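In: return atomic coordinates for the entry below.
(one chain, ligands or ions: 2)
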Amino acid sequence: MDLIKELLADHRKFNLAISKIQQYVLDREHRYFSDGRKAESSAKVLKHVQQLIDELHAHERREHEDLYPMILKFFPDLRGAIAEIELQHHGLEAAVAELGRIVRGEREASNREIAKRVMELLVLLKSHMRDEEKGLFTPILAAAQEAI
Ligand SMILES: [Fe+2]
Ligand SMILES: [Fe+2]
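Out: Numbers count the residues shown, from 1 in each chain. Ligands and ions are numbered 1, 2, ... in the order given. Take a look at the predicted model:
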């Protein structure tokens, strides 16, 4: 079950990154920063978002290439849960694709748009990780525990 533990460790890392990025995007009252503050924080936000996107790609690749085949082989009952999680992956990919264009400078975006898109990605990612852990990781770890 090392794979699940490693994926869970990634999730913890992503949650830390999310908290950090939120500090740059939102003020203390959890509103988007006013224009002056956003201007200086945008570069930092994009740097952190770039790193998050890279790590997220590697993580999702492992889920596709290693996790799903393992689940389909040993836990076929979770087939339906995989289908739901897959839908979320598509939503995440769309959010990442648009932000990626902005991060790479292929498209101009106002600071407010960056903040909004970043927050949308973070919210999607957070609930995705929660659902993945609840729908896939927890049942697998429980089954593995029973088998011992
Ligand atoms: Fe995932
Ligand atoms: Fe994941």
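
In: residue contacts, the residue most central in space within the chain?
Out: Nearest to the centroid of the C-alpha atoms of the chain, with distances taken as C-alpha atoms, centre = their mean, sits L125, at 3.5 Å. Going by C-beta atoms under 8 Å, 6 or more residues apart in numbering, L125 touches F14, I18, L56, L92. All C-beta spots, glycine's among them, are computed from the backbone N, C-alpha and C.

In: can you add secondary structure, distance to E133 and pLDDT and give these back as TSV?
Out: Output for those, formatted as TSV (DSSP: H, G, I helix; E, B strand; the rest coil; distance: C-beta to C-beta, whole Å; pLDDT from 0 to 100):
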residue	secondary structure	distance to E133	pLDDT
F14	helix	12	96
I18	helix	15	90
L56	helix	16	95
L92	helix	15	94
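
In: and these, which two are furthest apart?
Out: With C-beta to C-beta as the measure, no two of the contacts of L125 lie farther apart than I18 and L92, at 12.9 Å.

In: which parts of this structure are helices?
Out: Ranges of helices within the chain are 2-25, 35-62, 68-74, 79-103, 111-132, 138-147, based on DSSP state H.

In: give me the buried positions along the helix or strand of the chain with the lowest mean pLDDT.
Out: Lowest mean confidence among the helices and strands of the chain (mean pLDDT, DSSP states H and E): helix 35-62, at a mean of 80. Burial within helix 35-62, assessed by neighbour count using 16 or more other C-beta atoms under 10 Å, is assigned to K38, S41, S42, V45, L46, H48, V49, L52, I53, L56, H59, E60.

In: what about the residue lying closest to the third one once chain neighbours are set aside, how many neighbours?
Out: If I follow you right, that is S42. Spatial nearest neighbour of S42, chain neighbours left out: N111 (4.9 Å); criterion: C-beta to C-beta, 6 or more residues apart in numbering. Number of residues near N111 (other C-beta atoms under 10 Å) recorded here: 20.
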